[in-house]
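Visitor: all I have is the shape, not the residue letters:
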């Protein structure tokens, strides 16, 4: 694929295959840090009937399992915690990497998924989740 940059056409360094490889490398690197949260993630997932891999994937994607955070906050200090709760819309519960906080964010996720499911009952689970 090619893209335009400053009026010139250049080859994109990013391809679908390269993107998947990058995501895989990031996930593998984050697995080490995710082990610390394995038990709380599994407990929250069981209580909310979620796949623990979904919670772990969000934690990896949003905060790199805390690696990108400063005392729990993103760089702009708008989002908080492992799953990056919007601090302007919600009052965070618990410490940024606590089970209580993972539960709060996962509960918000379940409510959002259920809202999409109600609006689009004919969509597949994958479509509703996306």
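Guide: On my side now, so go ahead. Note that the structure is a prediction, hence the values are computed from the model and not measured.
Visitor: find the residue at the geometric middle of the protein.
Guide: Nearest to the geometric centre of the chain sits residue 58, at 2.0 Å (Cα atoms, centre = their mean).
Visitor: so what's that one closest to, chain neighbours aside?
Guide: Spatial nearest neighbour of residue 58, excluding adjacent residues (Cβ to Cβ, 6 or more residues apart in numbering): residue 83 at 5.3 Å. Yep, even glycine has a C-beta here, placed from its N, CA and C like the rest.
Visitor: what sits against the one you found?
Guide: 55, 58-59, 62-63, 101-102, 105-106, 109 (Cβ atoms under 8 Å, 6 or more residues apart in numbering).
Visitor: any low-confidence regions in this structure?
Guide: Low-confidence segments of the chain, defined by pLDDT under 70, are located at 1-17.
Visitor: wait, a strand at residue 55?
Guide: No - assigned with DSSP: H, G, I helix; E, B strand; the rest coil, residue 55 falls outside any strand and is helix.
Visitor: what's the neighbour count on the closest residue in space to it that isn't next to it in sequence?
Guide: Nearest residue to residue 55, sequence neighbours excluded (Cβ to Cβ, 6+ apart): residue 41, at 5.0 Å. The tally of other residues near residue 41 (other Cβ atoms under 10 Å) stands at 23.
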